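A.B. asks: after the sequence you'll find the predicted model.
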Amino acid sequence: MTRVIAITGKGGTGKTAVAALLIRYLSKKGKFLLAIDADADTNLPETLGCEDVKSVGDAKEYLQAEITKPRPDNPDMNKESVLKSKVYEIIEEMPGYDLLVMGRPEGSGCYCYVNNLLRGIMDKLIMNYDVVIIDAEAGLEHFSRKIIRDIDDLIVVTDASRRGFRTAERIRELVDELDSNIGRIHVIANKVTDANQEELIKLAEDLKLNMIGMIPLDPKIEEMDIKGIPLFEIPDDSIAAVEIESIVKKLGF
Ligand SMILES: Nc1ncnc2c1ncn2[C@@H]1O[C@H](COP(=O)(O)OP(=O)(O)OP(=O)(O)O)[C@@H](O)[C@H]1O
């Protein structure tokens, strides 16, 4: 069975960093893993050390243009197999995991037909893996349109601010309204310091959020940021990597 884990949260809280750390840890543990970048504004590929990737958005635009042309180049083409081969071409094979970038938001017009095809392709693709980690945007767009249908664990990343926690609470409310299949919701507090730790625990309790981890503000990440080193190369003994190990265990791996 594939385990699907989506990471979301307010921009700047470290959502992409948490996704990258989880991808790093689980792929090192030998899980056959697909990483999906489902946030048009994010930088997951760079954080993982991967550049110049194509996106599913480009493949969708190609098919959309073809089917809305008054005279398509090839009216008999099998649209599903064209989209499928394009999506599979886009998958980037990285050492230890595969990467798929969803890319830009769609243009104007109705994409229902293309999205329907994509939904079926994504369902089958996801089933090939042990674990799928999705870096998702706070609006959970791909889930509301059901491009990615089922999520086992939704992890909301927040920083040590009341606003970050409020966003987490709003995401929980949004999930209740979504007609998607989401199993469990967890919260990870990121960039935690000795000074704010107690207050964060209380805040999570007050808002009835299930906190599965507190990742410290890690000087090693700050140093790598300045030097432009991808987070994927973080050493195992850095404080953030150690906390990720404990979070992964709490997730039942
Ligand atoms: N625990 C941490 N300690 C130190 N720095 C961190 C930590 N987590 C993340 N950062 C840094 O904080 C910055 C923002 O993180 P990141 O890009 O992951 O945020 P994000 O929530 O994905 O934002 P966006 O949605 O805008 O991409 C990055 O420079 C990242 O390296």
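C.D. replies: Structure's in. What do you need? Everything numeric in this text was worked out from a predicted model, so none of it was measured.
A.B. asks: remind me what the worst-scoring helix or strand of the chain on mean pLDDT packs against, helices and strands.
C.D. replies: Every helix and strand in the chain was compared by mean pLDDT, DSSP states H and E; the lowest is helix 141-144, with a mean of 82. Under the contact criterion of 3 or more CB pairs under 8 Å, 6 or more residues apart in numbering; DSSP states H and E, helix 141-144 touches strand 131-136. C-beta coordinates here come from the backbone N, C-alpha and C atoms, glycine included.
A.B. asks: tell me the strands beside the strand it packs on, with direction?
C.D. replies: Strand 131-136 has its sheet partners listed here by DSSP bridges as strand 3-9 (parallel), strand 33-38 (parallel).
A.B. asks: what residues sit buried inside the last one?
C.D. replies: For strand 33-38, the neighbour count (16 or more other CB atoms under 10 Å) marks 33, 34, 35, 36, 37, 38 as buried.
A.B. asks: and those residues, which is closest to the ligand?
C.D. replies: residue 37 (10.3 Å; CB to the nearest ligand atom).
A.B. asks: circling back to that earlier point, the helix or strand following the least confident helix or strand of the chain to strand 131-136, inter-axis angle?
C.D. replies: Of the helices and strands lying after helix 141-144 in sequence (DSSP states H and E), the nearest is strand 150-158. Angle of strand 150-158 versus strand 131-136, following axes from the mean of the first three to the mean of the last three CA atoms, to 10 degrees, is 50 degrees.
A.B. asks: quick one: the helix or strand just after strand 150-158 near the ligand?
C.D. replies: Where DSSP H and E defines the elements, the next helix or strand beyond strand 150-158 is helix 162-177. No. Using CB under 6 Å from any ligand atom, helix 162-177 never reaches the ligand; the gap is at least 9.7 Å.
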